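Trainee: I need the structure of the sequence given here:
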Amino acid sequence: SGADTVVLAVLPWKTYFPDEKLQQLIAEGLENGYNMKVALTRIQQADAALYMSKSALLPSVSASARVDHTRRSIGTTGTDVFGYASNVNTLGIAASWEADLWGKLSSQTKSKYAAYLNTLEYKKLIQTTLIASVAKGYYNLLAYDEQLRTTKETIALLTKSAQTMQALKDAGLQTAAAVEQSKALLYNTQLSVFDLESKIRQQENAICVLIGRPAGAIDRNLMSNQSIPATMNSGIALNALANRPDVKQAELSLQSAYALTDAAKAAFYPSFSISTLSVGLAAGGFSGFFKPENLAAEIIGQLAQPIFMKGQLKANLRITQAQRDEALLTFTNTLLVAGQEVSDILFTYKSLIGKNEWRDKQLESLTKSADYTQELLRAGEANYTEVLNAQKDLLAAQLSKTNDKLDQLTQSVNLYKALGGGVQ
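Mentor: Residues are numbered from 1 along each chain as shown. As a prediction, the model looks like this:
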């Protein structure tokens, strides 16, 4: 039901993934993963930008000290060149401030705040992606282990089969071709061990990179100990998608675009600012500089109405409106894609579950077939190709059984990520 997907989305990752060794890997990745560290630096950048935007609503205050020394020429003949000098020395505090009459500055602050929240969602996106990647890598590793175990068990059986073929040949009941064919199947199966061992090491190294650890071995459990974390049904509730970081990012980008559009509209209205507000001391010399009669104050207010700005204000408004429309379309598309992704995962999982019964029946039949052909071979009622084909088919089915479980575990991880799980 749709309610199941909502509950699934808010489950803590430690509840969703009960394997303690997997939990340790995920916790290490969240602590040391470099993608997580990059996300934290982006949050710091956005926080600084938000602080700057909020500070724009406050006046600017500075202390100033100034010495003005001026010389001018006097006289009609210019004989007294630079003969006249004047000095003005000032010391005080100056301030300037722009009143946010039409909400231009506050709209810009809203945009920066939405951008800051966007970085928080980006961190959540990186977190849920990291958790899913570590979990899928871990399950892949367990699947390789299981395939390697199955292959080695099959090698032991094929070794006995080759010995049986040799004994039958020695007794004149089989040909040399049968013996060599059985050995060839044994050798081919032994070759696959090297490929699996290489994949295991590569997967271990890939997990190490994800969790910020140097390449090395990964401590893990068995595939047989793993179970599907939760029952997954085919219903989707729309509010289940609201937990996805990418959906929230698209929503925050839309909020930011609306705020920037409001700021662009406010730029058409008059602005009032106090360009100069100073209080201090001013005198022609330093003697008696700090006397009360040298106190001075100045205030300059300004009201400015844009008239001709070479089309910049109109162009900026058109740009922000187009960006707002783009953000709205992106948000709508993100929501649709998220719904499609969850729906695909649910139906894929349902199909995978449907395989279980038939895969078990297939394995049962192939196991019997391999046993029967061995007995018939000894009785002289079957040829060696029937025996080899039965053994190959059984090994392929056993490996497929492992892949089936891996696919189910992978889809359970994909659903958790698709619903925005792992950020609790």
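Trainee: going by C-alpha atoms from here, please, whenever you check contacts or count neighbours.
Mentor: Noted.
Trainee: thinking Phe268 is in contact with Gln312, fair?
Mentor: No. Shown here, Phe268 and Gln312 do not form a contact pair, counting by CA atoms under 8 Å, at 10.5 Å.
Trainee: neighbour count: those two, which is higher?
Mentor: Remark: of Phe268 and Gln312, Phe268 carries more neighbours, 16 against 10, as counted by other CA atoms under 10 Å.
Trainee: can you say which helix or strand has the residue most central in space within the chain in it?
Mentor: In the chain, the residue lying closest to the centroid (CA atoms, centre = their mean) is Ile126, at 2.6 Å. With secondary structure defined by DSSP states H and E, Ile126 is part of helix 104-170.
Trainee: mind giving me the packing neighbours of that helix?
Mentor: Contact partners of helix 104-170 among helices and strands, from 3 or more CA pairs under 8 Å, 6 or more residues apart in numbering; DSSP states H and E: helix 20-32, helix 34-55, helix 176-210, helix 245-266, helix 384-418.
Trainee: Gly354: which of these is closest?
Mentor: For Gly354, the closest of the helices and strands packed on helix 104-170 is helix 384-418, at 10.4 Å, according to CA to CA.
Trainee: and the closest one, what's its mean pLDDT?
Mentor: Across helix 384-418, the average pLDDT comes to 89.
Trainee: report the buried residues of it.
Mentor: Applying a neighbour-count criterion of 16 or more other CA atoms under 10 Å, the buried positions in helix 384-418 are 384, 387-388, 390-395, 397-399, 401-418.
Trainee: residue contacts, Lys112?
Mentor: For Lys112, the set of contacting residues under the criterion of CA atoms under 8 Å, 6 or more residues apart in numbering consists of Ala46, Ala49, Leu50, Ser53, Ser256.
Trainee: check Asn140 too.
Mentor: Shown here is Asn140, whose contacts under the criterion CA under 8 Å, 6+ apart are Gln203, Leu406.
Trainee: and it, how far from Glu386?
Mentor: 33 Å (CA to CA, to the nearest Å).
Trainee: now do Ser182
Mentor: Taking CA to CA, one finds Ser182 at 11 Å from Glu386.
Trainee: now the element after the helix or strand harbouring Gly280, going C-ward?
Mentor: Per DSSP H and E, Gly280 falls inside strand 271-283. Along the chain past strand 271-283, the next helix or strand (assigned with DSSP H and E) turns out to be strand 295-304.
Trainee: Ser64 looks like it's in a strand, true?
Mentor: Yes. If the criterion is DSSP: H, G, I helix; E, B strand; the rest coil, then Ser64 is within a strand.
Trainee: need the contact list for it.
Mentor: Here Ser64 is in contact with Thr90, Leu91, Gly92, Ile93, Ala94 (CA under 8 Å, 6+ apart).
Trainee: any idea how far Ser62 is from the second one?
Mentor: This means Leu91. Here the distance between Leu91 and Ser62 works out to 11 Å (CA to CA).
Trainee: one more: Ala263?
Mentor: When Ala263 is compared with Ser62 (using CA to CA), they lie 28 Å apart.
Trainee: those two: who's more crowded?
Mentor: Ala263 (23 against 11).
Trainee: so the more buried one makes contact with Thr109?
Mentor: No. The pair Ala263 / Thr109 is not scored as a contact, 9.6 Å apart, by CA under 8 Å.
Trainee: on that earlier part again, by neighbours, which of the contacts of Ser64 wins?
Mentor: The most crowded member of these, judged by other CA under 10 Å, is Thr90 (22 neighbours).
Trainee: doesn't that residue lie inside a strand?
Mentor: Yes. The assignment for Thr90 is a strand, going by three-state DSSP.
Trainee: what's the pLDDT at the closest residue to it other than its chain neighbours?
Mentor: In space, Thr90 comes closest to Ala282 once its chain neighbours are excluded; the distance is 4.3 Å by CA to CA, 6 or more residues apart in numbering. Model confidence at Ala282, given as pLDDT, is 70.
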